[in-house]
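Novice: One predicted model, sequence on top.
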Amino acid sequence: MAEKYATRVAYGEALAEYGSKENVVVLDADLACCTMSANFRDKYPDRFFNIGIAEGNMMSIAAGIATTGKNVFASSFAMFAAGRAWEQVRNSIGYPHLNVKVVGTHSGISVGEDGATHQALEDIAIMRAIPGMLVVSPSDAIETKAAVKALMDYEGPAYLRVGRIPADIINDTPDYKFELFKGYQMREGNDITILATGLMVQESLKASDLLKEQGIHARVIDIHTIKPLDEEIILKAAKETGCIVTVEEHNIMGGLGGAVAELLSEKYPTPLVRIGMKDEFGKSGKPEELFKKFGLNADNIVTQVKKALELKK
Amino acid sequence: MDYSKEKQLSLIAEEVRINVLDAVTAAGSGHIGGSLSIADILTVLYFDEMNVDTTQPRWQERDRLVLSKGHCSPALYGVLAEKGFIPKEELKNFRNIHSMLSGHVEYHVPGVDMSTGSLGQGLSAAVGMSLAAGVDKKDYRVYAILGDGEIEEGQVWEAAMCAGFYKLDNLVAIIDNNNLQIDGTLDSVMSSYPIDKKFEAFNWNVINVDGHNVKEIKAALDLAKEKKGMPTAIIAKTVKGKGVSFMENEAGWHGKATNQEQHDEAVAEIKKRIKELEEK
């Protein structure tokens, strides 16, 4: 697994790999070839249904299937799975607390050239706002597979957020361990803590290397489970490092940055800088160009870390 | 259907109407008109059609019902109480903060198969149950009741397309065609007519019935069972507020509660009919 690998590809592979469980049913809305749920479709055609381009209908169908004791994975682009179908997810799935995994692929700005209408930058916020909804945003293909496996054993509604573009593998280490609900510390450091999610974990690791060259030791924690938030690891980091930076491919409102701000302000007020989309829409462009334009890269993380360190003084 | 069965079902439907009035009057709010229009349909379903077990509400082999027009919870709760899924006394606590019976239909209530209330989502959920029966090779049937105003929601037609496409012959949608929605008649607000032709266009078997004639309702459900390879839509012509003369065909009784005096007048009218029916 050395080469670059999209988390959506890992999602599809994991469905096929772990989908032998009889209670797993997968739905898609005419994007099986892009969300990669096609891998499951080809292996278990009797437990796969293409609902066509009708995401709201798909989510309510998923709810109906879940009432019969099944674990339903319903995938589409994040914009439509979480956005278009929000109220169906809220009322058909969330309120009766049914066992449906809403899967949003092609999340964030890294959708790239398709542009702003397809770049979901609010999905974490709106899924997080539904009571009882788990929100999981893995950092690479290995973590995505682990998350899918864990969600197959998790009973209840959840949102899984994955991305379009091939990305680095960062968790191919012998001691890597995935636990739902737990943040995963990837770098030690006591000067500052970087809390990152999704593809921004990779950028944060690069930033921590750059910072180390300048004598700044940043702790890096992968927050793959955004809801419920691992309060213990974050409060410990706040106490030990004294300031926090959050990084996400999402609006700084309501997502990881918002969740961390809520936690810190109530339980341990700590200087905080949030990196993400600043209440703005994206645009067309190559993913790496967009990351640069909107400050979602290692260079800007380094800059913002220094600002955060100023706040600490 | 023999006469004794018809009489029995008609009597139960009248009791359900009284349950609706008791619940809404006690709550001081709730949806009476559309509840009364589906009282006969729900009665036939739960007392002569559906395979359910009050001792095991979540029995996997059971037939399922999704009341997509979830605001008509007084009717469903009224039937579930009559059937024995929930205690009848609980109806008096309808919409009360301490009660399990909230304003709209909720999944956690024994006998309820899906939370509903946000219009347009129930048929999709029923499609999901129907697909799951196929996956599990089970032969249970799935029923959904929709309002004629509700079908203005686009998701209904997404679900209709899906059910036709997957040839879900274990699925029956019943349209409560009382011709009234909150703001007035369908024709004055947003006409969903012709309803039958729309379902036909989505590859459904369509049957038109009088939604207050228990014999006709049962006959349509039997025909639906015989039809293979397509879902069935039963367009039930109904009267909003049916069975209480001062409510019939009045849009104003969509979401208005009866006061004690109106309740007593309505119940007296129903009890008079029950007496006449029993003496027949």
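Specialist: That came through fine.

Novice: Please identify the buried residues of stretch B:48-61?
Specialist: Residues B:48-50, B:52, B:57 are the ones in stretch B:48-61 that count as buried (16 or more other Cβ atoms under 10 Å in any protein chain shown). To be clear about C-beta, it is placed using only N, CA and C from the backbone, and glycine gets the same treatment.

Novice: which stretches of the stretch 151-280 of chain B have low pLDDT?
Specialist: Along the stretch 151-280 of chain B, no part satisfies pLDDT under 70.

Novice: returning to what we had before: take the buried residues of stretch B:48-61 and write them to JSON lines, including distance to chain A.
Specialist: JSON lines is the format used below for those (distance: Cβ to the nearest Cβ, whole Å):
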{"residue": "B:Asp48", "distance to chain A": "24"}
{"residue": "B:Glu49", "distance to chain A": "20"}
{"residue": "B:Met50", "distance to chain A": "16"}
{"residue": "B:Val52", "distance to chain A": "14"}
{"residue": "B:Pro57", "distance to chain A": "12"}
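
Novice: May I see the buried residues of the host helix or strand of B:Leu221?
Specialist: When elements are assigned from DSSP states H and E, B:Leu221 belongs to helix B:214-226. The neighbour-count check on helix B:214-226 (16+ other Cβ under 10 Å) flags B:214-218, B:220-221, B:224 as buried.

Novice: got the domain boundaries for chain A?
Specialist: Listed domain ranges for chain A are A:7-161, A:184-312 (source: automatic domain parsing).

Novice: which stretch among these comes nearest B:Glu269?
Specialist: Smallest distance to B:Glu269 across these (Cβ to Cβ): 36.2 Å, for domain A:7-161.

Novice: So which residues of the stretch 151-300 of chain A form strands?
Specialist: A:158-161, A:184-187, A:192-196, A:218-222, A:225-227, A:244-251, A:272-277 (DSSP state E, counting those that start in this stretch).

Novice: will you turn these into a markdown table that also has mean neighbour count and mean pLDDT?
Specialist: Output for the strands of the stretch 151-300 of chain A, formatted as a markdown table (neighbours: other Cβ atoms under 10 Å in any protein chain shown; pLDDT from 0 to 100):
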| stretch | mean neighbour count | mean pLDDT |
| --- | --- | --- |
| strand A:158-161 | 28 | 98 |
| strand A:184-187 | 19 | 97 |
| strand A:192-196 | 29 | 98 |
| strand A:218-222 | 25 | 98 |
| strand A:225-227 | 24 | 98 |
| strand A:244-251 | 29 | 98 |
| strand A:272-277 | 24 | 98 |
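
Novice: And the residue of the stretch 51-200 of chain A found nearest chain B, how far from B:Tyr107?
Specialist: Chain B sits closest to A:Gly64 of the stretch 51-200 of chain A, with a gap of 2.3 Å, by Cβ to the nearest Cβ. To B:Tyr107, A:Gly64 is 11 Å away according to Cβ to Cβ, to the nearest Å.

Novice: Same question for B:Ser29.
Specialist: Where B:Tyr107 is concerned, B:Ser29 sits at a distance of 22 Å (Cβ to Cβ).

Novice: Of these two, give the one with the bigger neighbour count.
Specialist: Neighbour totals were compared for B:Ser29 and B:Tyr107, and B:Tyr107 leads with 17 against 13 (other Cβ atoms under 10 Å in any protein chain shown).

Novice: Same question for the more buried one, what's its three-state structure.
Specialist: Classification of B:Tyr107 using DSSP: H, G, I helix; E, B strand; the rest coil returns coil.

Novice: now B:Tyr193
Specialist: coil.

Novice: okay, now it: neighbour count?
Specialist: Neighbours around B:Tyr193, by other Cβ under 10 Å: 12.

Novice: quick revisit: please produce TSV containing the buried residues of helix B:214-226, extended by distance to chain A.
Specialist: Listed next are those as TSV, based on distance: Cβ to the nearest Cβ, whole Å:
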residue	distance to chain A
B:Val214	28
B:Lys215	30
B:Glu216	28
B:Ile217	24
B:Lys218	25
B:Ala220	23
B:Leu221	20
B:Ala224	19
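
Novice: In JSON lines: the residues you listed, plus distance to B:Leu180.
Specialist: Shown next, in JSON lines, are the buried residues of helix B:214-226 (distance: Cβ to Cβ, whole Å):
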{"residue": "B:Val214", "distance to B:Leu180": "22"}
{"residue": "B:Lys215", "distance to B:Leu180": "25"}
{"residue": "B:Glu216", "distance to B:Leu180": "21"}
{"residue": "B:Ile217", "distance to B:Leu180": "20"}
{"residue": "B:Lys218", "distance to B:Leu180": "25"}
{"residue": "B:Ala220", "distance to B:Leu180": "22"}
{"residue": "B:Leu221", "distance to B:Leu180": "25"}
{"residue": "B:Ala224", "distance to B:Leu180": "26"}
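
Novice: who's in contact with the residue nearest the centre of chain A?
Specialist: For chain A, the residue nearest the mean C-alpha position is A:Ser137 (1.9 Å; Cα atoms, centre = their mean). The contact partners of A:Ser137, taken as Cβ atoms under 8 Å, 6 or more residues apart in numbering or on different chains, are A:107, A:124, A:160-161, A:197-198, A:223-224, A:226, A:248, A:256.

Novice: 10 Å - rerun?
Specialist: Contact analysis of A:Ser137 by Cβ atoms under 10 Å, 6 or more residues apart in numbering or on different chains lists A:7, A:104, A:107-108, A:123-124, A:127, A:143-144, A:147, A:159-163, A:196-201, A:222-227, A:248-250, A:255-256.

Novice: Burial check on the residue of the stretch 51-200 of chain B found nearest chain A, number of neighbours?
Specialist: Of the residues in the stretch 51-200 of chain B, the one nearest chain A is B:Gly128, at a distance of 2.3 Å by Cβ to the nearest Cβ. Residues near B:Gly128, counting by other Cβ under 10 Å, number 36.

Novice: Was I right to think it contacts A:Gln88?
Specialist: No - using Cβ atoms under 10 Å, B:Gly128 is not in contact with A:Gln88; the gap is 11.4 Å.

Novice: who touches both of those two?
Specialist: Joint contacts of B:Gly128 and A:Gln88 (Cβ under 10 Å, 6+ apart) are A:57-63.

Novice: Rebuild these as JSON lines, extending it with neighbour count.
Specialist: Output for those, formatted as JSON lines (neighbours: other Cβ atoms under 10 Å in any protein chain shown):
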{"residue": "A:Asn57", "neighbour count": "31"}
{"residue": "A:Met58", "neighbour count": "32"}
{"residue": "A:Met59", "neighbour count": "36"}
{"residue": "A:Ser60", "neighbour count": "38"}
{"residue": "A:Ile61", "neighbour count": "35"}
{"residue": "A:Ala62", "neighbour count": "32"}
{"residue": "A:Ala63", "neighbour count": "32"}
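
Novice: List just the nearest of the residues you listed to B:Gly34.
Specialist: A:Ser60 (20.6 Å).

Novice: Leaving aside the residues adjacent along the chain, what's closest to the closest one?
Specialist: The shortest distance from A:Ser60 to any non-neighbouring residue, by Cβ to Cβ, 6 or more residues apart in numbering or on different chains, is to B:Ser124 (3.3 Å).

Novice: how close does that neighbour sit to B:Ser35?
Specialist: From B:Ser124 to B:Ser35 the distance is 23 Å (Cβ to Cβ).

Novice: Let me know the secondary structure of A:Ala74.
Specialist: Put simply, A:Ala74 is strand when judged by three-state DSSP.

Novice: which residues touch it?
Specialist: A:25-29, A:35, A:37, A:49, A:51, A:55, A:58-63, A:65-66, A:81, A:85, A:88-89, A:93, A:100-104.

Novice: ok, which stretches of the stretch 51-200 of chain B are helices?
Specialist: In the stretch 51-200 of chain B, the segments counted as helices under DSSP state H, counting those that start in this stretch are B:73-83, B:122-135, B:154-165, B:186-189, B:195-201.

Novice: Now B:Asn208: which helix or strand?
Specialist: strand B:205-210.
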